[in-house]
Every structure is written in C-alpha cells, then in structure tokens.
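1. Kindly generate the corresponding structure for this input.
(4 chains)
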Number of protein chains: 2
Amino acid sequence: MKLDEAKQQFIQQWGILGTQWGINRTMAQIHALLLVSPDPLSADEIMADLQISRGNTNMNVRELMDWGIVEKVLKPGERKEFFSAEKDIWTVAMKIIKERKRREVEPIINALNQLKDIEGNKNDKEIKAFTDVITDIQKFAGQASKGVDGLVKMDEHWFAGTLLKLFR
Amino acid sequence: MKLDEAKQQFIQQWGILGTQWGINRTMAQIHALLLVSPDPLSADEIMADLQISRGNTNMNVRELMDWGIVEKVLKPGERKEFFSAEKDIWTVAMKIIKERKRREVEPIINALNQLKDIEGNKNDKEIKAFTDVITDIQKFAGQASKGVDGLVKMDEHWFAGTLLKLFR
DNA sequence: CCGAACTTTCAAAATTTTCTGAAAATTAAA
DNA sequence: TTTAATTTTCAGAAAATTTTGAAAGTTCGG
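-> Take a look at the predicted model:
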C-alpha cells in the first residue's frame, strides 16, 4: 500500500473511532494527521490535507491544544504557526482520560450529591431504590477515579525514569 | 428534595453524560429510569415518564438489551412486556466496557494491521513516522485490552464470592 | 381460525451538531 | 504608522443524528 493511501485510511478510521466516543470527527482527524506527520504542520497544510475550512481547522486545533495533546510550534523566520501532536500514545491516552474525567465525569458526580437528600421515609421501596443507585454510582466513581489517578501516576513515574535514561 | 424531582434530574444528567460519550441520549435516559425503578417497567410507562414515542422507546430498549444491561421480564397473566435494568453498577460498567471494546475498538485495531505494510524505504522519515505510530497504537491497545480483560475477570471472580454470601 | 393487544419497522420530520466563509481582530514587518 | 499576513470569531448553511407515528407484523386467548 502507498503511504498516502494508508495515511488517509488511518485518518478516516481515527475519525470514526472519535465520533463513536463523542469526539468531533474533524478533531480526531486533525489529531490523526498530526500524529503521523514527522514535522509540524501549518493550518493551510491541515486544510489542504483534510479538505476542511480555515474556521473548522482553527477551532479544532485549539480544542486539541486545550486537551494538551497538540502544541503550537513557531519556526524562526516564519510568520505562520505550526502544530505538532504529542507522539507518545500512553501519554496521549492519559491526558485524554484525565481530561474527560475532569470535564465530564466529575461535574456529574458532584451533582449527584444534591440528589441524595430525599423527602420521605428512607425505607420506602421507591426512595431506597433511588438513593441506593446514587450511592453505588458515587462509590463506583470514587474507585474508578482512584484507578485513573493511579494510572496517571504510573505514567509520570515512568516518564521520570525515561528522562534518567537519557543521561546514562 | 422530592423523589420525583430528584429522579428527573438524575435521568437528565445521565442523558447528558451519555451524549458526551457517544451514547444516544434517550438510551441513557431509559437506562437511568430503569436503574432507579424498583420494579420492571412497561414500554407505556417508559413512554409516559420520558415523554417519548413508542418507536423510540422500542429501539432504545432493544439496544440496551443488546448491551446486556437491561432484560425483558414477563409477568404471569400479563400480555405486556416489562423491562428491568441490571442494578449492580460494577457489572454494568464491565459490560459496557467489554462491549464497547468489542464493537468499536477491536475492529479498528484489526484494520490497522493492513496499514503497516507500506511501499518504499522503511527508513524514510515519513514512512517511519507513520508505521511507528501505528505500531505504538497497536501495542497500547494490546496492553489496554489485557487490562480490561483483567477487570472483567475480577468482576466474574467477585460475583462467585457474592453468590456464596447468599448462603451464609 | 379471528381479532384484539401488543411490538416492530422505517420513511419522513424534527432536532442537534458540525462546518463554512467572510468579516473582524491581531500581529509584525516595513 | 501603514499595510499585508495571519488568526479568530460566529451567524447562517449543511450535514448528521435522532425521533415520530402510522402501518405492518406478531402473538395469543377464545
């Protein structure tokens, strides 16, 4: 298979995967494109490659930067901005998981707290079923949260180890 | 807070969370409703509660059953079908993770295999950047997959333990 | 069988999300 | 400062997804 064909297929697949997980297709595609580009790309290059508008490019690149998995790169003597993706997949995964937890899961878990104080007899079947579910979700979320933090720590720890290797 | 108000809020929140993770809002809402209902509900009850059409109810309940987190319950002497949700949150989470992995992640990981065989010099910067990313994603996916299978096993093991408790 | 009760399907409508592109804002070289 | 290059914004257009509801299909008691 030719490189360009393979790249396009990868970009399409990554876009589909993103969509299925609630991530904007274009955002996932830009991410895929930057992942497989050895050098940083300009907005114009992204636009040309993915056939998308400047506005779309701009918004999704910014979003990727907000997630901490793409960064702006300035080349000396060039007016344009270039963009480069974090290449270490484990680090990428950790950042995404951490960020989604923070943005999407934590607010809801907090909101659940307010739902635990229900008027009426705590032994009523309906009330008990409800508060039990809320409590269980909170417990589960707490455990899952610890698990995720553990993974993130692992990553940071391993990163420190890698840095050391550079000096050996 | 009144029970019904809290229920409605929980259902709305669960729907939003679902949406953000690429799950149909109504599907998540039906799931939430069944989670907090002590008894199985009929399609008519779900329709009335969430103010949705029969078709919508039917499709999303079927999808929840496909995921293995809602089951059909037949009451003796009743013509109607009733639906009940798996109440153990850990089990629900494991089923969802397992299923999403199988349906959405695995097909893409398999598709990546075909992208690794690129025409041209393997040392070319562009080609190397591409194949390295694909290889890293596959490695990562393999590890993550093992991790998930481990969690699922934990669940099954723990389930056996719970069964025992019923007899103590 | 028949027909009432219930479930399923799916084309079209409604809604939500995403994308475009031109105007406004910003930046920096001259 | 002026001007040209570049980035950002966002209202409206386009696309994708979800929902409806009525017709078709199924099931089962009599």
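2. Now for the residue nearest to the spatial centre of chain A: which residues touch it?
-> The geometric centre of chain A, computed from its C-alpha atoms, lies nearest to residue A:96 (Cα atoms, centre = their mean), at 2.7 Å. For residue A:96, the contact set (Cβ atoms under 8 Å, 6 or more residues apart in numbering or on different chains) comprises A:67, A:69. All C-beta atoms are positioned from the backbone trio N, CA, C, and that covers glycine.
3. State the distance from it to residue B:140.
-> Remark: distance between residue A:96 and residue B:140 (Cβ to Cβ, to the nearest Å) = 12 Å.
4. Per-residue pLDDT of the nearest residue to residue A:104 once chain neighbours are set aside, please?
-> Nearest residue to residue A:104, sequence neighbours excluded (Cβ to Cβ, 6 or more residues apart in numbering or on different chains): residue B:20, at 4.8 Å. At residue B:20, the predicted lDDT confidence score is 97.
5. Confirm for me that residue B:20 is in contact with residue A:107.
-> No. With the criterion set as Cβ atoms under 8 Å, residue B:20 and residue A:107 do not qualify as a contacting pair; they are 10.3 Å apart.
6. more crowded one of the two?
-> Applying other Cβ atoms under 10 Å in any protein chain shown to residue B:20 and residue A:107 shows that residue B:20 carries more neighbours, namely 18 against 13.
7. did I read that right, residue A:39 in a helix?
-> No. When DSSP: H, G, I helix; E, B strand; the rest coil is applied, residue A:39 is found to be coil, with no helix at that position.
8. Next one: it from residue A:77, what distance?
-> Going from residue A:39 to residue A:77 by Cβ to Cβ gives 15 Å.
9. These two: which has the busier surroundings?
-> Regarding residue A:39 and residue A:77, a neighbour count based on other Cβ under 10 Å identifies residue A:39 as having more, with 13 against 5.
10. Can you pull the phi/psi pair for the more buried one?
-> According to degrees, to the nearest 10, the main-chain angles of residue A:39 amount to phi -120, psi 160.
11. Tell me who's in contact with it.
-> A:82, A:84.
12. For DNA strand D, see how far away it is.
-> The gap separating residue A:39 from DNA strand D is 15 Å, by Cβ to the nearest atom of the strand, to the nearest Å.
13. What sits closest to residue A:25 if chain neighbours are left out?
-> Taking Cβ to Cβ, 6+ apart as the measure, residue A:25 lies nearest to residue A:15, with 4.5 Å between them; neighbours along the chain are not counted.
14. Is there proximity between the host helix or strand of residue A:11 and DNA strand D?
-> Counting by DSSP states H and E, the element that carries residue A:11 is helix A:3-20. Yes. Judged by Cβ under 7 Å from any atom of the strand, helix A:3-20 comes into contact with DNA strand D through residue A:19.
15. so what secondary structure elements neighbour that helix?
-> helix A:25-35, helix B:106-113, helix B:125-165 (3 or more Cβ pairs under 8 Å, 6 or more residues apart in numbering or on different chains; DSSP states H and E).
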